[in-house]
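*Asks:* sequence unknown, structure follows:
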């Protein structure tokens, strides 16, 4: 880039006091400056440096997957993460839940006029770090600016593209009666981290969001146990809704047990205080896996050997049920229905 | 889907009086209902019907492209289109500008609480019609809802995925001195359509947005003249900014002539009234093509034979200039600099 000429027109962005203004969404010189001084610097790759309106990449014959997620979490920064890394993890995880290896991300930013540039940089740096750690390149993007009061700081929509290994066929409609249901770790951490911050709750130690990219865990799982039937990350709507979705897609029922479902004591306490059921609280670094019974113990061992699956447990099994009900044996030995989330208990959790 | 059971919990969406509420972004039952009764019905394909969090598709070895655009146009409905079809055309065009055939789209919706469901349906139907007409499938999506006053009706971020034909190598850094610069039609229509509506201007006949998918035109162009060097759609920032971008990417200068650049008389009148220069006003259905001089006439004929290129013209040529200046010979025979857009004259135009 011809830096000399650009500098003669615009001062460098003021990362301490500067704020997003409408010119950053104009498509003109100020937009180009934001791309150059923020996005190119953070995401640093040849796709973005090419400055085309699209990114070109080579593919081999096979199956690919695409997934997209818009992120509107509030507040933007929370214990354990921020909207930046969340927008990378969330979409990478949706790609990974097909058993796929995520390769590329695109990112669309909708910024509110007046948003501090320092916060924007912090968010973009967090995205870049998350993408680098996941070995995924942010290859294309777009930035729009809306007037103050027409947005809320920053919204980020990411789309992930990945490739499915040969022999892997994972889908929400493949659960079969007899299959075992595995959960990779504690539930409710993300939702409680956000809600505690909003409500200014403290429960001894702070609960941190579990936001994490799960594709490394998934890669090990599908390599060691290729015959996994379903994978899904229980985000909005929590574990309860995810299990109901799969039950409906596969036309089966489920029976789970409360006892083996791991919940941190602080999360339990916060949920009691807030009147929430951890089964419905969002997670951002957990997955549900469903597999034939004969490989379940092996899959459990593989998951537990990975840092993101250390607390993994077999929590139940798939049953024949044309009502597609999910039922749970409680810690006290009774049975209760675990229905879909109805209404909204945790707005803007992701 | 088990419709009976779902209906026993939720009434069908009220398309006449209903409004978006926070539960539609919960990830629970109301979200599932919106997906089923709105998105599945409109976009109608097996990818969405699979109800997985990602879509799987087959690819052949070769080059693919991805592009993403967030759409925040205001107002949402305007002469010639709306945010729905615009969000399809805008992203398809970014894919097409690599000479690629667009195949798939993903869509992320950020809805404002209280937005009328009837307007949302109109927008989604318009998206679906635009995608069908372009033979592109909307294979994955996401919906979030933000509180009233934290958004502005609806924002739509789309990502397009396409495949580049063998032998086509189009990029903004390939313009060479001597190359000819072609424009596919009139400039300023989209921007003036939006601004006239916002300012309640009337100039005899209404100016309609030129929003259109250009991949059909591009397919003919690259088939008949594979040696096109650059393609770009002059959206935000207009023709002036697009030419400056390419000049900078390619390290060249440009000399264009005002006379052959087509501008509708109503657009000229509106621009004079509003104090705008049509060179900086956004287009959503036009493209700039740059090619070697020996194929320029042929390319022009190919473009003119297509309905979306009927008014195409050769507007100038690429020159050697290490300042990367774009200069224009005015209709009066003088020369002026055509600089990048500085500042923001048309906020939220796309």
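*Replies:* Nice, thanks for sending it over. Just so it is clear, the structure is predicted and the values come from calculations on it, not from any experiment.
*Asks:* and the spatially most central residue of chain A, how far from residue B:194?
*Replies:* Closest residue to the average C-alpha location of chain A: residue A:90 at 1.8 Å, with Cα atoms, centre = their mean. When Cβ to Cβ, to the nearest Å is applied, the distance between residue A:90 and residue B:194 equals 33 Å. Where you see a C-beta, it was placed from the backbone N, CA and C, and this is true even at glycine.
*Asks:* check residue A:244 too.
*Replies:* Using Cβ to Cβ, residue A:244 is found at 43 Å from residue B:194.
*Asks:* low pLDDT regions in the stretch 1-150 of chain A?
*Replies:* For the stretch 1-150 of chain A, the stretches with pLDDT under 70 are A:1-9.
*Asks:* if you set the cut-off to 50 instead, what comes out?
*Replies:* Across the stretch 1-150 of chain A, residues meeting the criterion (pLDDT under 50) sit at A:1-8.
*Asks:* do a quick rundown of the helices in the stretch 1-150 of chain A.
*Replies:* For the stretch 1-150 of chain A, helices defined by DSSP state H, counting those that start in this stretch occupy the ranges A:3-9, A:29-34, A:41-43, A:46-49, A:83-96, A:117-133.
*Asks:* equivalent analysis for the stretch 151-300 of chain A, please.
*Replies:* Along the stretch 151-300 of chain A, the stretches classed as helices by DSSP H, counting those that start in this stretch are A:189-199, A:215-224, A:238-250, A:265-274, A:293-304.
*Asks:* who wins for proximity to chain B among these?
*Replies:* helix A:238-250 (5.4 Å; Cβ to the nearest Cβ).
*Asks:* not counting its neighbours along the chain, what's nearest residue A:138?
*Replies:* Once flanking residues are discounted, residue A:138 sits nearest to residue A:43: 4.3 Å by Cβ to Cβ, 6 or more residues apart in numbering or on different chains.
*Asks:* neighbours around that neighbour, how many?
*Replies:* By other Cβ atoms under 10 Å in any protein chain shown, the residues close to residue A:43 number 23.
*Asks:* what's the domain layout of chain A?
*Replies:* A:3-164, A:180-337 (automatic domain parsing).
*Asks:* quick one: terminal-to-terminal distance for the last one?
*Replies:* Between the opening and closing residues of domain A:180-337 there is a gap of 19 Å (Cα to Cα, to the nearest Å).
*Asks:* pLDDT of that domain, averaged?
*Replies:* Computed over domain A:180-337, the mean pLDDT rounds to 95.
*Asks:* and stretch A:342-349, does that touch chain B?
*Replies:* Yes: for stretch A:342-349, a contact with chain B is found by Cβ under 8 Å from any Cβ of the partner chain, at A:342, A:343, A:344, A:345, A:346, A:347, A:348.
*Asks:* could you turn the buried ones of those residues into a ChimeraX selection?
*Replies:* Here is the ChimeraX command that selects the buried residues among those (16 or more other Cβ atoms under 10 Å in any protein chain shown):
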select /A:344,345,346,347,348
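*Asks:* is it possible to get CSV of the residues of stretch A:342-349 next to chain B that adds pLDDT?
*Replies:* Shown next, in CSV, are the residues of stretch A:342-349 next to chain B (pLDDT from 0 to 100):
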residue, pLDDT
A:342, 87
A:343, 84
A:344, 78
A:345, 77
A:346, 86
A:347, 91
A:348, 95
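*Asks:* looking at the residues of stretch A:342-349 next to chain B, which is nearest chain B?
*Replies:* In terms of Cβ to the nearest Cβ, no member of the residues of stretch A:342-349 next to chain B lies closer to chain B than residue A:344, at 3.9 Å.
*Asks:* was I right to think the closest one contacts residue B:28?
*Replies:* Yes: using Cβ atoms under 8 Å, residue A:344 is in contact with residue B:28, at 7.2 Å.
*Asks:* looking at residue A:244 and residue B:194, which one has more neighbours?
*Replies:* Neighbour comparison, residue A:244 and residue B:194: the larger count goes to residue B:194, with 27 against 22 (by other Cβ under 10 Å).
*Asks:* from memory the more buried one sits against residue B:208, does it?
*Replies:* No: here residue B:194 lies out of contact with residue B:208, judged by Cβ under 8 Å, at a distance of 10.7 Å.
*Asks:* now render the residues of stretch A:342-349 next to chain B as CSV, adding secondary structure.
*Replies:* Formatted as CSV, those follow (DSSP: H, G, I helix; E, B strand; the rest coil):
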residue, secondary structure
A:342, coil
A:343, coil
A:344, coil
A:345, coil
A:346, coil
A:347, coil
A:348, coil
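*Asks:* closest to residue A:106 among the residues of stretch A:342-349 next to chain B?
*Replies:* Distance to residue A:106, by Cβ to Cβ, is smallest for residue A:348 among the residues of stretch A:342-349 next to chain B, at 22.4 Å.
*Asks:* residues contacting that closest one?
*Replies:* A:72, A:73, A:74, B:25, B:144, B:146, B:147 (Cβ atoms under 8 Å, 6 or more residues apart in numbering or on different chains).
*Asks:* rewinding a little: mean neighbour count, the helices of the stretch 1-150 of chain A: which tops it?
*Replies:* Most buried of those, by mean neighbour count (mean count of other Cβ atoms under 10 Å in any protein chain shown): helix A:83-96, with a mean of 30.
*Asks:* does chain B have contacts with that one?
*Replies:* Yes: with Cβ under 8 Å from any Cβ as the criterion, chain B is reached by helix A:83-96 at A:94, A:95.
*Asks:* which strands or helices does that helix pack on?
*Replies:* On a contact count with 3 or more Cβ pairs under 8 Å, 6 or more residues apart in numbering or on different chains; DSSP states H and E, helix A:83-96 meets strand A:62-71, strand A:101-112, helix A:117-133, strand A:154-164, helix A:215-224.
*Asks:* would TSV of those with distance to chain B be doable?
*Replies:* Shown next, in TSV, are those (distance: least, Cβ to the nearest Cβ, whole Å):
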stretch	distance to chain B
strand A:62-71	4
strand A:101-112	4
helix A:117-133	14
strand A:154-164	4
helix A:215-224	12
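*Asks:* so which of those is nearest residue B:59?
*Replies:* Comparing these by Cβ to Cβ, strand A:62-71 comes nearest, at 5.3 Å.
*Asks:* contacts for stretch A:37-53, please.
*Replies:* By Cβ under 8 Å, 6+ apart, stretch A:37-53 touches A:12-13, A:35, A:55-57, A:120-121, A:124-125, A:127-128, A:131, A:137-141, A:143, B:67, B:94, B:97-98, B:171-173, B:232-233, B:245, B:248-249.
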